Structure formats: structure tokens, C-alpha cells
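Engineer: next come a sequence and a model predicted from it.
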Amino acid sequence: MEKIVECVPNFSEGCRKDVVESILGEAQAVRGVKLLDYAMDPDHNRTVVTLAGEPEACAEAAFRACRKAAELIDMDAHKGEHSRVGATDVIPFVPVRGVTMAECVALARKVGRRIGDELGIPVYLYEEAATCPERRNLADVRKGQYEGLKAEMHLPHRRPDFGPAKIGKAGATVVGARPFLVAFNVNLATRDVAVAKDIAKKIREKDGGFKCVKAMGFDIADRGFVQVSMNLVNYKVTSPHTIFDVITREAEARGVKVIESELIGLAPQDSIPPGDEKYLKITTFSKDQIIENRI
């Protein structure tokens, strides 16, 4: 059986298309890898890239892209709404076909070690590849973001798994293995960011909300609204449909309407069943965002 993994590196650049294209070019130059999708978000100043292919090819593509990002992105100058610790902020590997989670863990650790050794970038392992329970959750690894990590890296509990315990302008990179994740945002018709933050706190798992939901509230000032931005780390436990209904009710209880939702990157078919894209008000939805249609 053919072995296929998905790799979804996130880069801390969502405004300069030439920079993003240079990074993508490094990944696309690797034989055996396909660029399935990329989404630039200027408000978050972040680009989410989806690659798929044979495991070793995806590992090489991720490394080359990380190397180019380190050359082109200065974290001391980076500003954006999304939490981040590095130029290449996170690199997850996802088993798709003929590959086990254990193989993706081994792949993540191999790539993480190479980034640390060859590029001199501190690397943290997360989710299934984590070396300790405290680092399974990406939010815990990114606590304090780039600036906080830079100030605390000398502390024993913040030492990286690979690479130097010293952070440069490329920041740090978090590498791991995980199941499919659905990145899903809901935009609200208000300028009051407290509404988005309050709803995010109510629905996210760590504050007693829904299982497998990570959420934050952001002010999307350039577009005139606020946003509940989510990662559904197991959509089979809490689906986009379920969480959209809850956010709609919570917003309406505060006198606020839902404008639209956004699917960031790709998602499995069973996470967005046919017809749900209209129900969820995903205004930019394309069938090409369903991963089964792309692989």
C-alpha cells in the first residue's frame, strides 16, 4: 500500500506574498510531495500550508521550507493576531494512508532533530510526539509566545527538545504528530472583542467547554468585526456543526449576529458533510478544501 502523510506547516507571514512563494518553492522542489493548499491571513500574519506525499519526501519538504522561512522572516519585527513562537511556527505530521501514528511520531522527531542540529533553531515536540505530558498541548508550548519564550528559554522547564537553548530571529519551531485537525473561524458582527473572547472562553475545553476545542477571540480590525478562531483537534468528538450552533446561540444571547465562518486549509469530508458549508455560512468554501478530493 502506498504510504501518504499530510504535513501542515504554519509560517509567521501572511502579508508578503513573495516571501510565502519563496517558502512554498522550497517545498515544491522536493519530488514526491504535492502542495495541496495554502491560506495567507494578513490579520493573523500567518500562512497555513498543506502538503501531502510519501513520508520522507514530506519530511524533506518541511525541512527546506523551514530553512527558507528562517532566512526571510524576522520574528523581532513580526506582529499578528495569532499566537506564534517562530518563523516556522509549527510542523505537524498526520497519517493519511498506509502510515501509523507511531511512524509519524518518528518522522516528527527526525525532522525536529535535523532542524535543531542543522539550522540551530530550538525545537519543541508536541501532541503525539511530545516527550513529556506538559508539552502535548500546543498552547502550553507557545505560552508567552515568541517574546515570552525568548525571555524564559534559560529556565529548565523551557529548554527545547532539540537545538540550542538560545533563540534567534527565526524563533523556535514546534514539531509533532497528530490526527486530522479542522481550523475553523466564526466571524461576528460587532467591534467588541470582549464578545469573541468571552465566547471563546465558554466553548474551549481548557476552561470547561467542549472537548477537543481550542479557541481564542480576536479583533479583526481591518475587516470591521471580531472572530472566534478555533482548532477542532478531534472533529469526531466536537464537529464544526455543533460548535457553530453553540457560537450562534451565544452570540445572539449577546445581541450579536454571525456574519460568516471560514474553513482554513483542508478538512476531511466527514467533518463538513455535503450541504453543511451553506448551513455553516462558509462563504469561501470550495470542494477543493476537502482533503479526499485533493489526494
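Structural biologist: That came in fine, so what should we check first?
Engineer: for the closest residue in space to residue 64 that isn't next to it in sequence, give me the pLDDT.
Structural biologist: If the residues on either side of it in the chain are set aside, residue 64 comes closest to residue 26, at 4.0 Å by C-beta to C-beta, 6 or more residues apart in numbering. For glycine as for every other residue, the C-beta is placed from the backbone atoms N, C-alpha and C. Looking at residue 26, its pLDDT reads 97.
Engineer: with residue 49 instead?
Structural biologist: What the model reports as pLDDT for residue 49 is 95.
Engineer: go on, residue 1?
Structural biologist: pLDDT for residue 1: 66.
Engineer: and residue 250, by the same measure?
Structural biologist: Here the pLDDT value assigned to residue 250 is 98.
Engineer: tell me, how many residues neighbour the residue nearest to residue 64?
Structural biologist: Here the neighbour count serves as a burial measure; for residue 26 (other C-beta atoms under 10 Å) it reads 19.
Engineer: and it, how far is that from residue 283?
Structural biologist: Distance, residue 26 to residue 283, using C-beta to C-beta, to the nearest Å: 32 Å.
Engineer: what sits up against whatever helix or strand the residue nearest to residue 64 lives in?
Structural biologist: Take DSSP states H and E as the rule and residue 26 turns out to sit in helix 17-28. Under the contact criterion C-beta atoms under 8 Å, 6 or more residues apart in numbering, helix 17-28 has outside partners 9, 11, 13-14, 33, 35, 38, 40, 47, 49, 51, 61-62, 64-65, 67-69, 72-73.
Engineer: tell me where the stretch 101-250 of the chain has helices.
Structural biologist: Under the criterion DSSP state H, counting those that start in this stretch, the stretch 101-250 of the chain contains helices at 101-119, 138-141, 145-152, 193-203, 240-253.
Engineer: with respect to residue 222, which of those helices lies nearest?
Structural biologist: Nearest to residue 222 among the helices of the stretch 101-250 of the chain is helix 193-203 (13.5 Å), distances taken as C-beta to C-beta.
Engineer: quick one on the thing from earlier: got the helices of the stretch 101-250 of the chain as CSV, with mean neighbour count and distance to residue 279 columns?
Structural biologist: Rendered in CSV, the data for those read as follows (neighbours: other C-beta atoms under 10 Å; distance: least, C-beta to C-beta, whole Å):
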stretch, mean neighbour count, distance to residue 279
helix 101-119, 20, 32
helix 138-141, 18, 29
helix 145-152, 16, 35
helix 193-203, 19, 18
helix 240-253, 17, 7
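Engineer: turn those helices into CSV, including distance to residue 210.
Structural biologist: Converted to CSV, the helices of the stretch 101-250 of the chain look like this (distance: least, C-beta to C-beta, whole Å):
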stretch, distance to residue 210
helix 101-119, 23
helix 138-141, 15
helix 145-152, 25
helix 193-203, 6
helix 240-253, 6
